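Q: Have a look at this fold, sequence not included:
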C-alpha cells in the first residue's frame, strides 16, 4: 500500500492536483476582486448609488467601547457588537459564485471537447503498418 501511495504521490498526479488547487484559489480571488471592484460599483451607480456591501438589516445596533461624559471625562462602556443580516454582501458573494461557476463550466466544457476531439483523431488515424497488413490480407483473399 505504501508503494502504491508513493507511485500516486510522485507520479505527477499529486503535483498536478496541488497546482490546480493553488490556481483555483488564486482564480477565486481574482473573480471576487472583479465582482467587488469592477462589477458592483457600476451596478450600484445604476441603482441610485447603492453600495451593496453596506446593505444590511440591523437587529441590534452596536455600542461603542468608550463614551465621553458631559464633564469631559471618558467612561468605559461594555462593547456590544452589531447584530445584522448583511444581505448586500451575500448578493456580492452570490454574483462572484455565479461568475466563477460559469468560467469553470466553460473551461471544463472546452477541455472535455478537446479530449473527445483528440480521441476521435486517434481513432480516425490508422497506423501505416495496419494499412499495409490490411492490403496484404485483401490481396491474399483475392488470390484464394
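A: Alright, I've got the coordinates. Because the structure is a prediction, the values reported are computed rather than measured. Numbering: from 1, shown residues only.
Q: mind listing the strands for this protein?
A: Using DSSP state E, the strands of the chain run over 57-60, 66-68, 74-76, 83-85.
Q: Just give the number of residues close to residue 43.
A: 15 (other CB atoms under 10 Å). Backbone N, C-alpha and C define where each C-beta goes, glycine included.
Q: which residues sit in contact with it?
A: residue 52 (CB atoms under 8 Å, 6 or more residues apart in numbering).
Q: next one: residue 24
A: Contacts of residue 24 (CB under 8 Å, 6+ apart): none.
Q: what about it, distance to residue 114?
A: 19 Å (CB to CB, to the nearest Å).
Q: now swap in residue 56 and tell me
A: Residue 56 is 45 Å from residue 114, by CB to CB.
Q: any idea of the mean pLDDT in the longest helix seen in the chain?
A: The longest helix of the chain (DSSP state H) is helix 87-124. Average pLDDT, helix 87-124: 81.
Q: from memory residue 35 sits against residue 95, does it?
A: Yes. At 5.1 Å, residue 35 and residue 95 qualify as touching, with contact defined as CB atoms under 8 Å.
Q: could you point out where the protein is predicted with low confidence?
A: Scanning the chain for pLDDT under 70 picks out the ranges 8-14, 64-78, 121-126.
Q: centre of the chain versus the longest helix of the chain, how much separation?
A: Remark: helix 87-124 is offset 9 Å from the chain centroid, using CA atoms, centre = their mean, to the nearest Å.
Q: Kindly report the same for stretch 80-88.
A: 27 Å.
Q: Provide the contact partners of that stretch at residue level.
A: Under CB under 8 Å, 6+ apart, the answer for stretch 80-88 is 51-63.
Q: Please repeat the previous calculation with a cut-off of 6 Å.
A: 52, 53, 55, 56, 57, 58, 59, 60, 62, 63 (CB atoms under 6 Å, 6 or more residues apart in numbering).
Q: possible to save those as CSV with neighbour count and distance to residue 144?
A: Listed next are the contacts of stretch 80-88 as CSV, based on neighbours: other CB atoms under 10 Å; distance: CB to CB, whole Å:
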residue, neighbour count, distance to residue 144
52, 21, 81
53, 14, 83
55, 16, 85
56, 14, 88
57, 10, 88
58, 11, 93
59, 9, 92
60, 10, 96
62, 12, 96
63, 12, 101
